[in-house]
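> The following comprises the amino acid sequence and a computationally predicted model.
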Amino acid sequence: MTVAFLVAAMAAATASAQTHLTLQEALDRALQVNNTVERSRAEVNVQDENRRLLLSQVLPDSYNIGYQDQRCLVVDRVNGQRVSRLPELRAALDKPVNGFHVIEFVQSDSLRKMVLLAGDPEREATTRVLKRYGINEPLHFAPETEK
């Protein structure tokens, strides 16, 4: 009973202290909150900068012969556009460069670039791969969730 009363009294005193601020205390507190918000925004920006797309596997087909053993490559650019999210990838794939899709990877000990024909050869290969591997749709992007 005494502990509950003491906790309640402390909470009431804290609440009372928070409601009676001098102008300087209010400005200091506002500055502190603003700095916290700015730090949080900076952390979100760092997370966005660190976001990467990964080419996990290449499904073998005559269209991509030579690339079928490539795995776990971090994508940097597609058709000259930096990509870090799936919607950016989709948009970049709509803009081939001189009839080719150029997929560039971050520097590593492995492959630096894939170059694949766009247009009819791409569509024909997509149809073959979907049928061969029992895949229902060529692209499926789940909607991004709000932060």
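That came through, no problem.
> so who does the spatially closest residue to residue 99 that is not a sequence neighbour touch?
Leaving aside its chain neighbours, residue 99 sits nearest to residue 118 (5.6 Å; criterion: C-beta to C-beta, 6 or more residues apart in numbering). The C-beta positions use only the backbone N, C-alpha and C, and glycine is treated the same way. By C-beta atoms under 8 Å, 6 or more residues apart in numbering, residue 118 lies in contact with 96, 99, 100, 101.
> Show the buried residues in these.
96, 101 (16 or more other C-beta atoms under 10 Å).
> Show me which pair in the contacts of residue 118 is furthest apart.
Based on C-beta to C-beta, the longest span within the contacts of residue 118 runs between 99 and 101 and measures 9.1 Å.
> Common neighbours of those two, please.
117, 118.
> Secondary structure added to the contacts of residue 118, as TSV?
Listed next are the contacts of residue 118 as TSV, based on DSSP: H, G, I helix; E, B strand; the rest coil:
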residue	secondary structure
96	coil
99	coil
100	strand
101	strand
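> so which of the contacts of residue 118 comes closest to residue 32?
Taking C-beta to C-beta as the measure, residue 32 lies nearest residue 101 of these, at 50.0 Å.
> how close does the closest one sit to residue 94?
Per C-beta to C-beta, to the nearest Å, residue 101 is found 10 Å from residue 94.
> ok, now residue 76?
With C-beta to C-beta as the criterion, residue 76 and residue 94 are 18 Å apart.
> do the same with residue 23
56 Å.
> what about the longest strand along the chain, distance to the chain center?
Secondary structure of the chain per DSSP state E: the longest strand is strand 71-78. Centroid displacement of strand 71-78 relative to its chain, using C-alpha atoms, centre = their mean, to the nearest Å, is 13 Å.
> Then stretch 73-90?
Centre-to-centre, stretch 73-90 and its host chain are 10 Å apart (C-alpha atoms, centre = their mean).
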